[in-house]
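*Asks:* What follows is a predicted protein model with its sequence.
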Amino acid sequence: MGLLVEGRWQDQWYESSKDGAFQRENAQRRNWVTRDGQAGPSGEGGFAAEAGRYHLYVSLACPWAHRTLILRTLKGLDCLIDVSVVSWLMLENGWTFDEHKGSSGDALDGVQFLHQRYTADDPEYTGRVTVPVLWDKQQQRIVSNESAEIIRMFNTAFDGLTGNTLDFYPQALRPTIDELNEQIYPNVNNGVYRAGFATSQGAYEEAFDDVFTELDALETLLGEKRYLTGEHLTEADVRLFTSIVRSMQCITAISNATCGVSPTIRT
């Protein structure tokens, strides 16, 4: 764990509120890659979709980063956007490029720690050092460290280069997808973190209840349809899957009901 304070690394645990609830820091880099380089919904312009210009930093242990890897493959971006995988082992220096099994080292400059990439973007950066990171090799800047926005960039920004028009956030389904995301994010995606990092029994129990209440609702929904919105795979399914595939083993263990927990979701 840890964070940067005015560009200096500090080994520090996540903060919690007075009642022991886990507090997630909002992503600070919120620029967008667009087809023509015009500014997106947030941040600055100047990030045009170009083959080979961008680099993706991920951890295979991280559900937020896993989203971006899935969209990168589904949208045929593997040859356009290269990837570096940090080590799964995160200790006092945060995410590192130690070449443990499954990690790759830094394919660009050979830096040792991910926080060095953040300070290359801003020498005075203050905040958590998280994955995924979408890096602009041309400007030597972080485009974004917000996974929900990176997957939307991948969904459309590079279509003109790949010819891949698969749409995982289609216009007609956006209200439904947005509603699902608003339910699943606090209760499942972030809910498992709220439970795991709670520092009081009350905060843990609240998060625990939120996770299982939402899983019950999703179990009912997926018992009636193939995907969350019906017959089409969307970003909502990807966002749920990357959390569930990591969390279900823990969820079934703590529930003492391995065979009865969300059988439809489990399959």
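*Replies:* Alright, I've got the coordinates.

*Asks:* Who are the contact partners of the nearest residue to Asp36 once chain neighbours are set aside?
*Replies:* Once flanking residues are discounted, Asp36 sits nearest to Ala48: 6.1 Å by CB to CB, 6 or more residues apart in numbering. Every C-beta, even on glycine, is put in place using the N, C-alpha and C of the backbone. By CB atoms under 8 Å, 6 or more residues apart in numbering, the residues touching Ala48 are Val33, Thr34, Arg35, Asp36, Gly37.

*Asks:* Name the nearest of these relative to Ala148.
*Replies:* Val33 (14.3 Å; CB to CB).

*Asks:* can I assume that closest one is in contact with Asp159?
*Replies:* No. The pair Val33 / Asp159 is not scored as a contact, 11.8 Å apart, by CB atoms under 8 Å.

*Asks:* Which one of those two is surrounded by more residues?
*Replies:* Val33 (26 against 17; other CB atoms under 10 Å).

*Asks:* Please report the distance of that one from Thr229.
*Replies:* 25 Å (CB to CB, to the nearest Å).

*Asks:* ditto for Phe208
*Replies:* Noted for Phe208: a distance of 27 Å to Thr229, by CB to CB.

*Asks:* which of these two has more neighbours?
*Replies:* Thr229 (21 against 18).

*Asks:* And the more buried one, how far from Arg152?
*Replies:* Relative to Arg152, and taking CB to CB, Thr229 is found at 16 Å.

*Asks:* And the helices in the stretch 51-200 of the chain, which stretches?
*Replies:* 63-74, 114-121, 147-156, 159-162, 174-184, 191-196 (DSSP state H, counting those that start in this stretch).

*Asks:* Would you map the strands across the protein?
*Replies:* With DSSP state E as the criterion, the chain has strands at 3-5, 8-10, 54-58, 82-85, 127-128, 133-136, 141-144.

*Asks:* Thought Ile142 was touching Ala27, still the case?
*Replies:* No. If you go by CB under 8 Å, Ala27 and Ile142 don't touch, sitting 10.0 Å apart.

*Asks:* show me what contacts the closest residue in space to Pro123 that isn't next to it in sequence?
*Replies:* Leaving aside its chain neighbours, Pro123 sits nearest to Gly7 (4.9 Å; criterion: CB to CB, 6+ apart). Contacts here follow CB under 8 Å, 6+ apart; on that basis Gly7 touches Thr119, Asp122, Pro123, Glu124, Tyr125, Thr126.

*Asks:* and if we set it to 10 Å?
*Replies:* His115, Tyr118, Thr119, Asp122, Pro123, Glu124, Tyr125, Thr126 (CB atoms under 10 Å, 6 or more residues apart in numbering).
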